[in-house]
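Engineer: below is the sequence, then the predicted model.
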Amino acid sequence: MPNTYDQTPYPRHAYGFTHPDRLATLATLHGLEPPPIETARILELGCARGANLVPMAYTLPKAELIGIDLSERQIAEARQFAAGLGFKNVRFEQLDLATLDDRFGRFDYIIAHGVYSWVPPAVGQALLELCGRLLNDNGVALVSYNAYPGCHLRQMVRAMGQFHTRGFDDPAQRVGQMHALMQLLVQFAPDDGTAYKRILRSEADRLAKLSDEFVLHDILEEANYPVYFHEFVERSGVCGLQYICEALPADRRRAGITPEVHAKLASQFDSIELEQHLDFLDGTAFRRTLLCREGHALVRDALARSPATLPLNSILLASPAQPLSAAPELDGSRPEEFVARKNRVTASLRCDRPIEKTALAVLGEIYPRAIPLEELLTTAATRLGRTTTAEDRTELRALIAGGFPIGVVELHRWQPPAVNRISQYPEASPVARYELSNGWAATTLWHDRFVIDDPLARQLVINLDGRTDRQTLIERVTAAIAAQESSAASPNPHWPAASQQDQIAARLDVALKDLVWSAMLVA
């Protein structure tokens, strides 16, 4: 059968929550001892054009990575991406996962993002069987899928879209007609006080923010099979797998559910039933589920129940949080608010204990680097002019337990080659330079998607080769922006005249600091 992904490939995206660092960190917190990330064997099922796997290959040079996809075109582009950067530790194969055998051996980490719900149920089950068969004893798999009950509403809109676009073969026309249908429904559906029009408006707004490729494949493809969480867990169990947790902490997924409601449900249900009832409450429509082999004794809700016993010896701590006050009082009892801004998401945490405030200040100063808990304790206590105490350790563990779920504190099992200061000859990640040179979105060294709207930042990354001095860099960026502006149909109104090098030079240091903060510069 013709593969629609050969005709219209999937968008080039890296997904931070799929990185083995995230999988290993969460598995560690839940009592598993996952394999070392640096030398791991990693398999991605449904790797598309390699945008997720190739950046991993750069930051994990001693790992072995294999990507599988059915689309011949996407595999060809993935191979070209890896070859363009000269990476030898990643390979891509065009194969049908439904018939995939054990030829590649077993793996420490298996990633299947955006596949399970978009293939026939038999193929989805084959995917889980592969994970059960190919996952190493302490390995971790991530499988994402569309979930009920939230997808009941989305399936309604999808079915209407499939009917409306049934006479159109051209992908661009199908996407355009899908948006046209949503505008029609929002404009003319009667506002009779029921929830129907609100649902249509919400879905129209959601689709309007998605790329055309996403709408085509994730909304209008023939195969789209959501499942309830408990059904997915049961199907995984048949394949010898058990549920660990979700790739995103509950606080980032379930902002509307209060701790009191959560505690009430937790007192009535086991962990799987609790997750399912929480889905019922907040209308969950998508899950990113971590799985491991059956037989491991896992710790549930470790962050909430027992921060004092969290297995943090092998964990690294980081935080992009900065004090809201220009002159924070770290050694006193005055509360200070710390705000973390990353990937266009903002989270904040209020602290009044000196060790917590000082620890966050230290992490903010060295970001994007990460350090062990004991080093952070010692550094913070020294800054406060004393030695560490048992109470300090308890308070920092409480800070981690509260700050990690909301994104103020980051936990890692691995450190990328990112720097936290600007050298004389700064160098950007070669992956990001290659991506931006080809007009793609950039990937940070922490494997986050980095959206660059500023022409200066974009040209800086492309030209930061580690061998260019400041004046030459200014000249090259000036020339590149001048050429870009002269060929643009509508020049950037917020950008100064590209010929004025002094204006670019004035902005250079700030732009470089932003790139450091975003984990774009390498040692």
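Structural biologist: Received it, and whenever you're ready, just let me know what you need. Numbering: from 1, shown residues only.

Engineer: would you mind listing where the stretch 301-450 of the chain has pLDDT under the threshold?
Structural biologist: Judged by pLDDT under 70, the stretch 301-450 of the chain has its weakly predicted residues at 302, 304-306.

Engineer: hmm, I was thinking of the stretch 1-150 of the chain
Structural biologist: For the stretch 1-150 of the chain (pLDDT under 70), the answer is 1-2.

Engineer: name the element the residue lying closest to Y243 once chain neighbours are set aside belongs to?
Structural biologist: Here the nearest residue to Y243 in space, its sequence neighbours aside, is V233; by CB to CB, 6 or more residues apart in numbering that works out to 5.2 Å. C-betas here are computed from N, CA, C, even on glycine. Following DSSP states H and E, one finds V233 within helix 229-238.

Engineer: show me what that helix is packed up against.
Structural biologist: When contacts are defined as 3 or more CB pairs under 8 Å, 6 or more residues apart in numbering; DSSP states H and E, helix 229-238 packs onto helix 121-134, strand 135-148, strand 241-246, helix 271-282, strand 286-293.

Engineer: of all the ones you listed, which lies closest to A208?
Structural biologist: strand 286-293 (18.0 Å; CB to CB).

Engineer: outline the domain layout of the chain.
Structural biologist: 16-148+224-251+284-294, 166-219, 306-412, 427-522 (automatic domain parsing).

Engineer: show me the strands in the stretch 251-400 of the chain, by range?
Structural biologist: Ranges of strands within the stretch 251-400 of the chain are 286-293, 316-318, 322-323, 336-342, 345-351, 371-372, based on DSSP state E, counting those that start in this stretch.

Engineer: phi, psi of the residue in the chain sticking out farthest from the centre?
Structural biologist: For the chain, the residue at maximal distance from the C-alpha centroid (CA atoms, centre = their mean) is D192, at 39.7 Å. With angles defined as degrees, to the nearest 10, D192 sits at phi -100, psi 20.

Engineer: which residues touch it?
Structural biologist: Counting by CB atoms under 8 Å, 6 or more residues apart in numbering, D192 makes contact with nothing.

Engineer: which one is the residue nearest to the spatial centre of the chain nearest to, not counting chain neighbours?
Structural biologist: With distances taken as CA atoms, centre = their mean, the residue of the chain nearest its centroid is G16 (2.7 Å). Spatial nearest neighbour of G16, chain neighbours left out: D448 (4.6 Å); criterion: CB to CB, 6+ apart.

Engineer: was I right about the one you found contacting P320?
Structural biologist: No. Taking contacts as CB atoms under 8 Å, D448 lies outside contact range of P320: 10.9 Å.

Engineer: okay, and the common contacts of those two?
Structural biologist: K342.

Engineer: more neighbours: which of these two?
Structural biologist: P320 (22 against 19; other CB atoms under 10 Å).

Engineer: who's in contact with the more buried one?
Structural biologist: Going by CB under 8 Å, 6+ apart, P320 touches A340, R341, K342, G364, Y367, P368, E410, W517.

Engineer: what about the fifth one, how many residues nearby?
Structural biologist: When neighbours are defined as other CB under 10 Å, Y367 has 22 of them.

Engineer: dihedrals phi and psi, it?
Structural biologist: Y367 adopts backbone torsions of phi -60, psi 140, taken as degrees, to the nearest 10.

Engineer: so it touches L317, yeah?
Structural biologist: No. Contact criterion CB under 8 Å: Y367 and L317 do not qualify, at 10.5 Å.

Engineer: which residues does the helix holding V233 contact?
Structural biologist: In contact with helix 229-238 (CB under 8 Å, 6+ apart) are residues 124-125, 128, 131-132, 143, 145, 147, 227, 242-243, 272-273, 275-276, 279, 284, 287, 289, 291, 294.

Engineer: one more time with 6 Å
Structural biologist: If you take CB atoms under 6 Å, 6 or more residues apart in numbering as the criterion, helix 229-238 is touched by L128, Y243, I272, E275, Q276, D279, L291.

Engineer: and the residue nearest to the third one when sequence neighbours are not counted, how far is that from L312?
Structural biologist: Going back to what we said before, that points to I272. Excluding its sequence neighbours, the residue lying closest to I272 (CB to CB, 6+ apart) is V233, at 5.6 Å. Distance from V233 to L312, counting by CB to CB, to the nearest Å: 28 Å.

Engineer: could you do D502 as well?
Structural biologist: D502 sits at a distance of 49 Å from L312 (criterion: CB to CB).

Engineer: quick one, which of those two is more surrounded?
Structural biologist: Higher neighbour count among D502 and L312: L312, with 19 against 10, using other CB under 10 Å.

Engineer: what's the distance between that one and E375?
Structural biologist: L312 is 12 Å from E375, by CB to CB.

Engineer: residues near Q484, how many?
Structural biologist: Using other CB under 10 Å, the number of residues around Q484 comes to 16.

Engineer: show the backbone phi and psi for it.
Structural biologist: The phi and psi values for Q484, taken as degrees, to the nearest 10, are phi -70, psi -40.

Engineer: can you offset everything so residue one is 38?
Structural biologist: Sure, I'll start counting at 38 from here, so that last one is Q521.

Engineer: and the residue lying closest to it once chain neighbours are set aside, how many neighbours?
Structural biologist: Counting by CB to CB, 6+ apart, Q521 lies nearest to P492, which is 6.3 Å off, once chain neighbours are set aside. As a burial measure, P492 scores 20 neighbours (other CB under 10 Å).

Engineer: tell me the pLDDT of P492.
Structural biologist: Looking at P492, its pLDDT stands at 85.

Engineer: what is the neighbour count of A465?
Structural biologist: A465 has 22 nearby residues by other CB under 10 Å.

Engineer: scratch that, G68
Structural biologist: 14.
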